[in-house]
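J.: Need a 3D model of the sequence below.
(one chain, ligands or ions: 3)
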Amino acid sequence: MYIVTAEEMYGIDQFSMKHTGVEASILMENAGREIAQRIMDMVGFEQSILVLAGSGNNGGDGFVIARTLRNMGYQASVLQVVDDEKITGHAAYHKHLYQKCDGIVDPLDKGREIIERLDKEVVVVDAMVGIGVKGMLRDPLHSIVTQLNQLENLTISVDIPSGLPADEGEADFIAVQASHTFMIGAIKQTAFVQHTAPYYGEWDCLDIGFPTRAFEQLENERKIWTEKEFQHTFPKRSAYDHKGDHGKGLIIGGSANMPGALGLTTRAALRSGAGLVTAGTTDKVIQRIATFCPEATFLTLPEENDHLQYNDEIEYAKFDAVALGIGMGREATSRPIIRQAASSKLPLIIDGDGLTHLKEDLTVLDGKEEPVILTPHPGEMAMLLELSIKDVLMRPFYYAKKFAEDYNVYVVLKGAFTIITTPEGKQAVNVSGNAGLAKGGSGDVLTGIILTMIMQKQSIFEGLCNACFIHGKSADLLVQGQHSEHDLLASDVIEGVSLVYRTFL
Ligand SMILES: NC(=O)C1=CN([C@@H]2O[C@H](COP(=O)(O)OP(=O)(O)OC[C@H]3O[C@@H](n4cnc5c(N)ncnc54)[C@H](O)[C@@H]3O)[C@@H](O)[C@H]2O)[C@@H](O)CC1
Ligand SMILES: Nc1ncnc2c1ncn2[C@@H]1O[C@H](COP(=O)(O)OP(=O)(O)O)[C@@H](O)[C@H]1O
Ligand SMILES: [K+]
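T.: Ligands and ions are numbered 1, 2, ... in the order given. Sure thing, here's the model as predicted:
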C-alpha cells in the first residue's frame, strides 16, 4: 500500500480518470460503498448513524455512505455542515441521489442543537473535509469539531479526520479525534507522524479501483511494509546451504561501561540467521559477553581508557558486512575506526555512538561504493542534521530522504513508525512494534538483525525492511503471549525472532 501526500493523491486521481476514463462520481460511489460496508461490519441495526457532510468531495462520500446505509436498512441521516449553495459538482450529484432515495438532510442551522443533544450511542461519520483542507478549520467547522471532540461517540472519519492535514510538517490545526478512519486509495502521510497519527484512531485503507499504474507514476515511492511484503521477499533456505551462504558478519563496538550492547547485537545477529558472527571488541568486553553468545567468535582489539582504539589489523576481507558503533562510547581515540571500516569494501552499518563519530567527519562516506546504512533514532537524526528533535519529528519523511540522498546512504529512522529510506529516496514504513521496545538495548538488537538481513539473498532495501519487521513483530508476538510492554526486555526480543519465523514463514 502506498503512502501519499495530498498532492500525490490528487495526481493519482487525475491519472486514473485520464487514463482509464473512470468518472469522479463513480470513484466517489466506490469509496462511499466500501466505507459503508465497513461501518455495517461495526455497527448494529439498532444504532443510529449521523453523517456530517461538508461541501467538497469528502462530503460527497458522506452522501453515498448515508444512502448505502439506508438502503441496507440502517438508521442513517445527514447533517449538512455547510450551506446548500456550497454543495456543488459530484457532491451535489450524490446529495441529489441520496434525497431521491428518501434520505433526510438536516441543515446547518440545526447543527449545534443536533450535536448538543446527541445520544452517546449514535455513531458519527465524519465526512466534513478530506485532503482538501486548507489551513486551520474555519467556523462553523471549527466549533463543530471542538464540540464533537468533547463527546464520547464512536466517530468514523472518511479518508482523514476532518481538519487534519494529509502532509507532514504542519503543527497548527484542529481536527476530529476519530475512533476509526477509513482512508481511500492510499495511506496519508500524517498517519505515520508522531503528533498527527493519534487523530486517525484505528485505521484501514480501502481500494476503490485506482489502477496500479496511477501509483507507479508517482515520483516519490513510499510504501508500508507488512507481513505480506515480508513473506513475499524473505529468502528461502536450501537443503544444501552451508554457513558461508548466510553471511559472515563483523560487529565492532563495546566499551567497559557498555559491554551488554555488543552482546545484544551479536546474539540478535546469530538468532536471526547469520552464518558466522564475529564480535570485535576489547578483551574486557569479550570476557563479559562471551557466555551470552557462545556461537560467536571474537576478535580482540586494542583499548585505551576502556575504549576501543584504532588498529589497522582487522582483516575486513574475511567478512561480508560490518556493523559498527554499538556501545562504543564517544572517545576520540575510537574515531579513526569509522574511516577504516568505511574504506573496507564491505557494506557498513553505523549505529549508536558510531553516528556521533561519523558526524565529526562525514567525509568518510565520500566515494564509498558499497552500501552504507545509518540507523539513527530521532535524536541522532537531529544531531546529524543539526536540527532539533522537534523538527525531525515534524517532517521525518522529508529529513530522512534528504539525508539519504545528500550522503548516498540508507537511513533507518527509528521510532514507533520506522522509516527506511534508500539513497535514491525510496521509502518504506514499518509499523510492527510497540512501546515495549522503548527501552535501552532495543536498537542494539535491531542492528544485529539488520546485519544478518543485509547478508542474505535479498536487496539491501528489502533486508532493512524485513529486519525492522522482524524486530517489531517479535515484540508484538511477545506482548500477546508471555510478556507485557512493561516487562519486555531487549534480550526477550532476540528470542522472539524464533516466534516471528515460526509464525510467518
Ligand atoms: N475522485 C476523487 O477526487 C475522489 C475524492 N474523494 C474524496 O474527496 C476528498 C477530497 O475532496 P475535495 O478536493 O473536494 O476536498 P475536501 O472535500 O477535502 O475539502 C474541500 C472543501 O473543504 C472546504 N475547506 C477547506 N479548508 C477548509 C477550512 N480550513 N475550514 C473550513 N472549510 C474548509 C473547502 O471550502 C471545500 O469546500 C478526499 O479526501 C476523499 O474523501 C473520494 O470521493 C474518492 C474519489
Ligand atoms: N513506542 C514504540 N513503538 C514501536 N517501536 C519502538 C517504540 N519505541 C522504540 N521502538 C523501537 O525500538 C528501537 C529503539 O532503538 P534505540 O532508540 O536506538 O534504542 P537503544 O539505543 O536503547 O538501543 C527502534 O527500533 C525503535 O523503532
Ligand atoms: K473527513
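J.: what secondary structure does R33 sit in?
T.: helix (DSSP: H, G, I helix; E, B strand; the rest coil).
J.: same check, this time on L79
T.: Using three-state DSSP, the structure places L79 in strand.
J.: same for the lengthiest helix in the chain, what does it pack against?
T.: The helix spanning the most residues in the chain, taking DSSP state H as the definition, is helix 460-480. Contact analysis of helix 460-480 by 3 or more C-beta pairs under 8 Å, 6 or more residues apart in numbering; DSSP states H and E lists strand 222-225, helix 227-233, strand 410-413, strand 418-421, strand 427-430, helix 442-454, helix 490-504 as its packing neighbours. All C-beta spots, glycine's among them, are computed from the backbone N, C-alpha and C.
J.: distance between the ends of stretch 168-176?
T.: Terminal residues of stretch 168-176 lie 17 Å apart, using C-alpha to C-alpha, to the nearest Å.
J.: scratch that, stretch 146-159 is what I was asking about
T.: 19 Å.
J.: residues of that stretch that come out buried?
T.: Using 16 or more other C-beta atoms under 10 Å as the test for burial, stretch 146-159 gives L148, N149, L151, N153, L154, T155, I156, S157, V158, D159.
J.: Now render these as JSON lines, adding pLDDT and secondary structure.
T.: Rendered in JSON lines, the data for the buried residues of stretch 146-159 read as follows (pLDDT from 0 to 100; DSSP: H, G, I helix; E, B strand; the rest coil):
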{"residue": "L148", "pLDDT": "96", "secondary structure": "helix"}
{"residue": "N149", "pLDDT": "97", "secondary structure": "helix"}
{"residue": "L151", "pLDDT": "96", "secondary structure": "coil"}
{"residue": "N153", "pLDDT": "97", "secondary structure": "coil"}
{"residue": "L154", "pLDDT": "98", "secondary structure": "coil"}
{"residue": "T155", "pLDDT": "98", "secondary structure": "strand"}
{"residue": "I156", "pLDDT": "98", "secondary structure": "strand"}
{"residue": "S157", "pLDDT": "98", "secondary structure": "strand"}
{"residue": "V158", "pLDDT": "98", "secondary structure": "strand"}
{"residue": "D159", "pLDDT": "98", "secondary structure": "coil"}
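J.: And these, which two are furthest apart?
T.: L151 and D159 (21.0 Å; C-beta to C-beta).
J.: returning to what we had before: could you give the average pLDDT over the longest helix of the chain?
T.: Across helix 460-480, the average pLDDT comes to 98.
J.: on that earlier part again, just the buried residues of stretch 146-159 now: which is nearest M136?
T.: Nearest to M136 among the buried residues of stretch 146-159 is N149, at 14.7 Å by C-beta to C-beta.
J.: Return the residues in contact with that closest one.
T.: Residues near N149 by C-beta atoms under 8 Å, 6 or more residues apart in numbering: V176, Q177.
J.: give me that answer again for 6 Å
T.: Q177 (C-beta atoms under 6 Å, 6 or more residues apart in numbering).
J.: same question, I174
T.: Contacts of I174 by C-beta under 6 Å, 6+ apart are L137, V145, G163.
J.: Tabulate the residues you listed (a markdown table), appending neighbour count and pLDDT.
T.: Formatted as a markdown table, the contacts of I174 follow (neighbours: other C-beta atoms under 10 Å; pLDDT from 0 to 100):
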| residue | neighbour count | pLDDT |
| --- | --- | --- |
| L137 | 22 | 98 |
| V145 | 23 | 97 |
| G163 | 24 | 98 |
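J.: With secondary structure and distance to L250 as extra columns, can I get the residues you listed in a markdown table?
T.: Putting the contacts of I174 into a markdown table (DSSP: H, G, I helix; E, B strand; the rest coil; distance: C-beta to C-beta, whole Å) gives the following:
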| residue | secondary structure | distance to L250 |
| --- | --- | --- |
| L137 | coil | 55 |
| V145 | helix | 55 |
| G163 | coil | 51 |
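J.: Relative to ligand 2, which residue of the stretch 51-200 of the chain is the closest?
T.: Proximity of the stretch 51-200 of the chain to ligand 2 (C-beta to the nearest ligand atom) peaks at Q194, 9.6 Å away.
J.: Would you confirm that that residue contacts L393?
T.: Yes - Q194 is within contact range of L393, at 5.1 Å (criterion: C-beta atoms under 6 Å).
J.: quick one, strands of the stretch 151-300 of the chain?
T.: 155-158, 180-184, 187-188, 202-206, 222-225, 248-253, 276-281, 297-300 (DSSP state E, counting those that start in this stretch).
J.: For K86, give its distance to ligand 1.
T.: 6 Å (C-beta to the nearest ligand atom, to the nearest Å).
J.: actually A400, sorry about that
T.: 26 Å.
J.: E313 too?
T.: According to C-beta to the nearest ligand atom, E313 stands 61 Å off from ligand 1.
J.: Specify the local secondary structure of that residue.
T.: From three-state DSSP, the assignment for E313 is coil.
J.: Average pLDDT for stretch 287-302, rounded please.
T.: For stretch 287-302, the mean pLDDT works out to 96.
J.: Of the buried residues of stretch 146-159, which is the nearest to G415?
T.: Within the buried residues of stretch 146-159, the smallest distance to G415 is 23.6 Å, found for S157 (C-beta to C-beta).
J.: so that closest one touches D126, yeah?
T.: Yes - judged on C-beta under 6 Å, S157 makes contact with D126 at a distance of 4.3 Å.
J.: For these two, list the residues in contact with both.
T.: Shared contacts of S157 and D126, counting by C-beta under 6 Å, 6+ apart, come down to V176.
J.: Against L154, how distant is whichever residue of the chain sits closest to ligand 2?
T.: Ligand 2 sits closest to G443 of the chain, with a gap of 2.2 Å, by C-beta to the nearest ligand atom. G443 sits 37 Å away from L154, going by C-beta to C-beta, to the nearest Å.
J.: now S143
T.: 21 Å.
J.: Same question for A166.
T.: Separation of A166 from L154 (C-beta to C-beta): 23 Å.
J.: Kindly report the same for I224.
T.: For I224, the distance to L154 - C-beta to C-beta - is 25 Å.
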